[in-house]
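In: sequence first, predicted coordinates after that:
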Amino acid sequence: MKKPFLTISSLLVLCLSSQAQQWISYTNFKNVSQMAFQPGGNIIWGATPGGIFSFSSSDTVLIKHYTNVDGLPYIEASSVTLDARHNKWIGTLGGGLTRLDSAGNAWTVFSRNDGLASDTVLCVVASGQSIFAGGYGSLSYYDGYNWFSLLAQQGYKLGNQTQALAVRNDSLWIATDQGLCIVKVSPLNSIRDTSNWKTFASYDGLSSDIRCILLTDTLSLIGTANGAARLVGGTWQRIPGLGDQVRSIAQIGDSLFFATNNGIKLWYQSVLSDISTGLLSNNVLSLSIDGDQRLWAGSATGLCRYEGGSWKGFAFDCMRDNNIKYLAVGSDGVIWIAHPQMGISYNRDDIWNYLDQANTGWPINQPSFIGVTTDNSLWVGTWGQGLFVKRPDDLWLAYSSPNPLPTPYIGQILPVPGGVYLINYDLPDGIDAISFFSQQDSSWRSFNAPTNKFYPISILLDKKQNLWIGSYYNGLYRRTPEGVWSNWSPTSGLASNYVAALCLDSRGNIWIGTDNGLFYYDGKIFLHYRADNSPILSNNVISLSRDRSDNLWIGTDNGLNCLTWDGQWKNYSQDNSYDNFSKLISNSIIKVLAVPGSSTGDDIYIATAKGLSLFKYNDVVLRAAQQSYIAPNPFNLAKDSYIYFSNLPTEARIDIYTLDGRPCGTFYGPPAPAHTLTIRPDIGFSRRPASGIYLCRIQSSGQKPVICKLVIVR
């Protein structure tokens, strides 16, 4: 992204280095897939797709939510267990197995490089100093010093996936999707002898897809995809009447509890009953017993405690779902998140709330797109239900077809000063349309796409009020205010027909994200950035956003790039492979959005299918006037429209004079971290610009003024 510019002085003044960067992860951690009680019985450790948490069962308060920012190697936690030393062992679905010490401070990560069969760990159990971890067709075990692995392809009866593990005495019980195995693990290396593995031919008519195990001194039970059974005299006897998927089993006295996809069932004195009334959700994933012999359930929407014959729920303050379809942030700082099937989550003042049909009355459970206007109204597009607008006073407005919308199928929503553009799909003639709502007079107008198979998927308005539209099939389109269409495709310089993202820089140039890399268009030529000719992380560019410093943020399916205003590349990944303390929640990025932050930097929001990352990007703290740039220089009155001052110190004052000292105007740069000022001489100058040499005086509080030359030609 090297651009022509004139440096004001050959003297380079060293700027202060950027401050430490901060990452925050926002996830849903209500979906409690497994629980473990810390010895003493008062602290619950829970594994969720949004990290792990610790919760006080006595005070019923959340102690801490741990994410990848805190030390988890991967945000999706599948399982958790505690060893005899109170260390927490957490299995993840991509980052291996991690150990959190008893104090909750030090993390140790074990991966395939350490001997694990896979970095995907589905279940884990501790026994003495030994740790056992199950994965897809694999079992790994740790002897306190080293890891060893067993694979189904080596002849071990591990099925396609190991789903649960339990230890009793010197035997390890292994639940797989193809049956149950029992193997002696004393001495530990006896596990490697397949002749020590015992399997079962049948489970009293139940599925061999074993989901969970409960072992006590006197009971051996399994939960399957269609019920549960207990081992009696070497044969399995099913629990009559229980046909649901059983995910977890717990025992208190003579009572057995079964967590299922349809609530919780109680087996007492040979009678099965349903005790689900009052649960936060009937989709129950895990059960555990605290030190006071109370039953706890982990559901899809939070924790529940059973006491005195009734349930009490504890729902955590977090977003509704980790899968994000679109993201918007208002000028008031409210974060709006559209989920594919779960409505809308929003965060105001660090408190999460939700919008859906149940609490609004509007059919917004499956939003197709969202946008926020300058007055902080939320615009919600749907696929077939039309458009809904939530005003700041909480009044809702609804718009549908045929009036004022051409169709009820809403795509992109683009708030602009004075109004909103939105895309309408599937007109009867197969041609898509673009609608515009004027905030000045509340009027609507629409115009059709220039061709069928248009399918617009990105939209941008430039400084000249040209509308740029990226197509799924036909490349890039531009529509002038006069209604004239132009098109760029592989036959005209743009080497892709699929344009997923568009972004405008401070100079009015267009950045184009495609499935064949990143393009820069200055109105004349295309520059093409690919993975084989630049540091870009992937050719599949999904989202683009520009911050106040004119840095371009590039979301791809393989991580996050930042192309700085002066042409430097920075890469950020989920696994911190670039050694820059990156805490990106996932490499598969859906949306990147730069939002004004503090005076030293901007907030970069990165939406993924695994949650939301916030990167508080601190830019250069101090810019010196000696390091400012002017471009183009010379400025051609016949060809160029704007003069650009960049890398200015904060709130700089620029006075421009003719060579004989006549003033042409005083201009003010933006506050940091923004550093670019755009001047149009034919409008901004106090006198008609002519060919010649001009003097530019740049000054900022606390800095010595700098004088530089600007040449204007015809």
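Out: Cool, the structure landed. Just so you know, these numbers come straight off a predicted model, no measurement behind them.

In: alpha carbons only for contacts and neighbour counts from here, please
Out: Noted.

In: and stretch 593-611, what's its mean pLDDT?
Out: Mean pLDDT, stretch 593-611: 93.

In: for it, buried residues please.
Out: 593-597, 600-611 (16 or more other C-alpha atoms under 10 Å).

In: the longest strand seen in the chain pairs with which strands, parallel or anti?
Out: Counting by DSSP state E, the longest strand found in the chain is strand 589-598. Its sheet considered, strand 589-598 pairs with strand 601-608 (antiparallel) by DSSP bridges.

In: could you work out the end-to-end span of stretch 392-407 for me?
Out: End-to-end distance of stretch 392-407 (C-alpha to C-alpha, to the nearest Å): 26 Å.

In: in that stretch, what counts as buried?
Out: Buried residues in stretch 392-407 (16+ other C-alpha under 10 Å): W396, S400, L405, P406, T407.

In: for the second one, what are its contacts?
Out: Right, the one you point to is S400. Residues near S400 by C-alpha atoms under 8 Å, 6 or more residues apart in numbering: Q385, G386, L387, T407, P408.

In: switch to 6 Å and redo it
Out: G386, P408 (C-alpha atoms under 6 Å, 6 or more residues apart in numbering).

In: one more: the first one?
Out: W396 makes contacts with V389, K390, as judged by C-alpha under 6 Å, 6+ apart.

In: mind listing the residues bridging to it?
Out: With DSSP bridges as the criterion, W396 is bridged to K390.

In: and what of K570?
Out: Per DSSP bridges, the residues bridged to K570 are C562.

In: distance of it relative to S599?
Out: Using C-alpha to C-alpha, K570 is found at 21 Å from S599.

In: where does the chain dip in pLDDT?
Out: For the chain, applying pLDDT under 70 flags the ranges 1-20, 620-621.

In: break this protein into its domains for me.
Out: What automatic domain parsing lists as the domains of the chain is 6-17+622-713, 27-215+284-309, 326-543.

In: could I get the full set of helices for the stretch 551-700 of the chain?
Out: Counting by DSSP state H, counting those that start in this stretch, the stretch 551-700 of the chain has helices at residues 681-684.

In: returning to what we had before: out of the buried residues of stretch 392-407, which are inside helices?
Out: Taking DSSP state H, every one of the buried residues of stretch 392-407 sits outside helices.

In: ok, residues contacting stretch 150-170?
Out: So stretch 150-170 is contacted by 123, 134-139, 172-178, 184-186, 211-212 (C-alpha under 6 Å, 6+ apart).

In: now with 7 Å?
Out: 122-125, 127, 134-140, 172-178, 184-186, 194, 211-213, 215 (C-alpha atoms under 7 Å, 6 or more residues apart in numbering).

In: what residues of stretch 690-698 count as buried?
Out: I693, Y694, L695, C696, R697, I698.

In: turn those residues into JSON lines, including distance to T81.
Out: Listed next are the buried residues of stretch 690-698 as JSON lines, based on distance: C-alpha to C-alpha, whole Å:
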{"residue": "I693", "distance to T81": "74"}
{"residue": "Y694", "distance to T81": "72"}
{"residue": "L695", "distance to T81": "71"}
{"residue": "C696", "distance to T81": "67"}
{"residue": "R697", "distance to T81": "66"}
{"residue": "I698", "distance to T81": "63"}
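
In: tell me which of the domains of the chain is the most buried.
Out: domain 27-215+284-309 (a mean of 20; mean count of other C-alpha atoms under 10 Å).

In: need the distance between the two termini of it.
Out: 32 Å.

In: chain center to that domain: distance?
Out: Remark: domain 27-215+284-309 is offset 26 Å from the chain centroid, using C-alpha atoms, centre = their mean, to the nearest Å.

In: so which residues of the stretch 51-200 of the chain form helices?
Out: Counting by DSSP H, counting those that start in this stretch, the stretch 51-200 of the chain contains no helices.

In: where do the strands sit along it?
Out: With DSSP state E, counting those that start in this stretch, the ranges of strands along the stretch 51-200 of the chain come out as 51-56, 61-66, 77-82, 88-92, 97-100, 107-110, 123-127, 130-135, 138-142, 147-151, 162-168, 171-176, 179-184, 197-199.

In: of those strands, which is nearest I457?
Out: Of all the strands of the stretch 51-200 of the chain, it is strand 51-56 that lies closest to I457, at 32.6 Å by C-alpha to C-alpha.

In: what is that closest one packed up against?
Out: Strand 51-56 is packed against strand 43-48, strand 61-66, with contacts defined by 3 or more C-alpha pairs under 7 Å, 6 or more residues apart in numbering; DSSP states H and E.

In: list the strands paired with the last one, with their directions.
Out: Within its sheet, and counting by DSSP bridges, strand 61-66 is paired with strand 51-56 (antiparallel).

In: contacts for the strand it pairs with?
Out: With contacts defined as C-alpha under 7 Å, 6+ apart, strand 51-56 is touched by 29, 42-47, 61-67, 75-77.

In: shouldn't I213 be within a strand?
Out: Yes - per DSSP: H, G, I helix; E, B strand; the rest coil, I213 lies within a strand segment.

In: so what's it up against?
Out: I213 touches A164, A166, L221, I222, G223, counting by C-alpha under 7 Å, 6+ apart.

In: what residues are bridge-paired with it?
Out: I222.

In: roughly how far does it sit from C123?
Out: I213 is 12 Å from C123, by C-alpha to C-alpha.

In: wait, doesn't N618 sit right on T600?
Out: Yes - when contacts are counted by C-alpha atoms under 7 Å, N618 is listed as touching T600 (5.3 Å).

In: helix/strand/coil for T491?
Out: Under three-state DSSP, T491 falls in the helix class.

In: what does stretch 91-107 contact?
Out: Residues contacting stretch 91-107 (C-alpha under 7 Å, 6+ apart): 71, 73-74, 76-80, 85-90, 108-111, 118-124.

In: quick one: end-to-end distance for stretch 356-368.
Out: Start-to-end span of stretch 356-368 (C-alpha to C-alpha) is 13 Å.

In: which residues are contacting it?
Out: Counting by C-alpha under 7 Å, 6+ apart, 338, 340-344, 380-383, 385, 410-411 sit against stretch 356-368.

In: kindly report the same for stretch 218-233.
Out: With C-alpha under 7 Å, 6+ apart as the test, stretch 218-233 has contacts from 206-215, 236-239, 242-248.

In: and for stretch 684-701?
Out: With C-alpha under 7 Å, 6+ apart, stretch 684-701 has contacts from 625, 649-659, 664-665, 681-682, 705-714.

In: one step back: quick check, nearest of the contacts of stretch 356-368 to M319?
Out: Out of these, the member with the shortest distance to M319 (by C-alpha to C-alpha) is I344, at 8.8 Å.

In: was I right about that closest one contacting N353?
Out: No - taking contacts as C-alpha under 7 Å, I344 lies outside contact range of N353: 8.5 Å.

In: need the contact list for the closest residue to R99 other than its chain neighbours.
Out: With C-alpha to C-alpha, 6 or more residues apart in numbering as the measure, W89 is the residue that lies nearest to R99, at 4.6 Å, once sequence neighbours are left out. W89 makes contacts with V80, T81, L82, L97, T98, R99, L100, as judged by C-alpha under 7 Å, 6+ apart.

In: can you pick out the most distant pair from these?
Out: L82 and L97 (12.9 Å).

In: start and end of stretch 599-615, how far apart?
Out: 15 Å.

In: contact partners of it?
Out: 22-27, 322-324, 327, 547, 584-586, 588-597, 616-621, 672-673.
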